[in-house]
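Student: Need the 3D shape of this:
(one chain, ligands or ions: 1)
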Amino acid sequence: MNENTYTFDLLTLFPALFDGLRSESLLGKALQSGALDLQTHNWRQWTTDRHNTVDDLPFGGGPGMVLKPDPIVACLRELRPQRDPRTPVVLLSPAGRLFRQDLAEQWAQGPGLILLCGRYEGFDARVEQHVDQVVSIGDYVLNGGEVAAMAIIEAVARLLPGVIGNSASLTEESHSSGLLEHPHYTRPREFEGAAVPEVLLSGNHAEIDRWRRRQSLLRTKLRRPELLQGLTIDKKDRAWLDAEWAQLQTAAAGQGGDRD
Ligand code: 6GU
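Tutor: Next comes the predicted model:
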């Protein structure tokens, strides 16, 4: 660890879930090098009753249990003064705002991140008064915030200097441009009857760039059309995309299928 170390603090009842992440290649190396630090804090240790109770029945009734506010807030109160005061405190919940690449880029600016991983039906709502943001990784429900925290750790850590070698692959990948990434090919030139697009073998880099840009647009229109809203598309690219789209619609109508 050094003054540039990026620290992830995980408040979790299941710290062992993060053991695999520590030894994983890219992250494991970054931890070794001191670029990264990952600390787990089991807030059960901040309970004060003899049964170390972390949850209780919901007021108003209903299924499941609710995580008590007192031990997690006590844990946070002890941790926060040990960290840079600018460190965001993030509560992980399917009821949060959506985590996207722009947030990963913002958090990668540092100095670190404090992640609260919930379980059961969630935290007592008063815990939210002690956090900066409530974040979800997508529109589906996980049993706990730990897997969501791992997704966030990977997305942020790979943007940190010294964690990924090739910075070009960071700017060209899916989502950093607002579009999905173009398809990739490697050898063999023909695989089970499917050939690599001829343009990629041409050595004409202007043509290759254009093909990739247009494939990005087409893929995005097919799989994530909402990402194209509000994006300015070059006139010729737009014309190509509309023609390609019309052709695909005609082909699909002929087959009666709806594959992408
Ligand atoms: Cl952050 N937590 C849980 N429990 N489920 C989720 C999630 C988070 N994001 C999507 N589903």
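
Student: Any regions of the stretch 101-250 of the chain where pLDDT drops low?
Tutor: Counting by pLDDT under 70, the ranges of the stretch 101-250 of the chain that qualify are 164-168.

Student: In this protein, where's the longest strand?
Tutor: In the chain, assigned by DSSP state E, the strand with the most residues is strand 89-98.

Student: which outside residues touch it?
Tutor: Strand 89-98 is contacted from outside by 76, 80, 113-118, 122-123, 127-128, 130-142, 145, 148-149, 152, using C-beta atoms under 8 Å, 6 or more residues apart in numbering. Bear in mind the C-beta positions are built from the backbone N, C-alpha and C, glycine included.

Student: Do you have the helices of the stretch 151-260 of the chain handy? List them.
Tutor: With DSSP state H, counting those that start in this stretch as the criterion, the stretch 151-260 of the chain has helices at 168-172, 205-223, 235-255.

Student: Repeat that for the stretch 1-150 of the chain.
Tutor: Secondary structure of the stretch 1-150 of the chain (DSSP H, counting those that start in this stretch): helices at 19-23, 25-33, 69-79, 101-107, 146-157.

Student: for the fourth one, packing partners?
Tutor: Counting contacts by 3 or more C-beta pairs under 8 Å, 6 or more residues apart in numbering; DSSP states H and E, helix 101-107 is packed against helix 146-157.

Student: how about a cut-off of 10 Å?
Tutor: Identification of packing neighbours for helix 101-107 by 3 or more C-beta pairs under 10 Å, 6 or more residues apart in numbering; DSSP states H and E yields strand 89-98, strand 133-136, helix 146-157.

Student: Export these as JSON lines, with columns for distance to the ligand and mean neighbour count.
Tutor: What follows is the helices and strands packed on helix 101-107, written out as JSON lines (distance: least, C-beta to the nearest ligand atom, whole Å; neighbours: other C-beta atoms under 10 Å):
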{"stretch": "strand 89-98", "distance to the ligand": "3", "mean neighbour count": "18"}
{"stretch": "strand 133-136", "distance to the ligand": "4", "mean neighbour count": "19"}
{"stretch": "helix 146-157", "distance to the ligand": "3", "mean neighbour count": "20"}
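
Student: how about these in CSV, adding distance to residue 212?
Tutor: Shown next, in CSV, are the helices and strands packed on helix 101-107 (distance: least, C-beta to C-beta, whole Å):
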stretch, distance to residue 212
strand 89-98, 27
strand 133-136, 32
helix 146-157, 23
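
Student: Quick check: residues of the stretch 101-250 of the chain near the ligand?
Tutor: For the stretch 101-250 of the chain, the residues in contact with the ligand (C-beta under 6 Å from any ligand atom) are 136, 137, 138, 140, 141, 142, 144, 145, 148.

Student: By neighbour count, which of those wins?
Tutor: Tallying neighbours with other C-beta atoms under 10 Å puts residue 145 at the head of these, with 29 neighbours.

Student: From residue 181, how far out is residue 66?
Tutor: Plainly put, residue 66 is 41 Å away from residue 181 if you go by C-beta to C-beta, to the nearest Å.

Student: can you check residue 156 too?
Tutor: Using C-beta to C-beta, we find residue 156 at a distance of 19 Å from residue 181.
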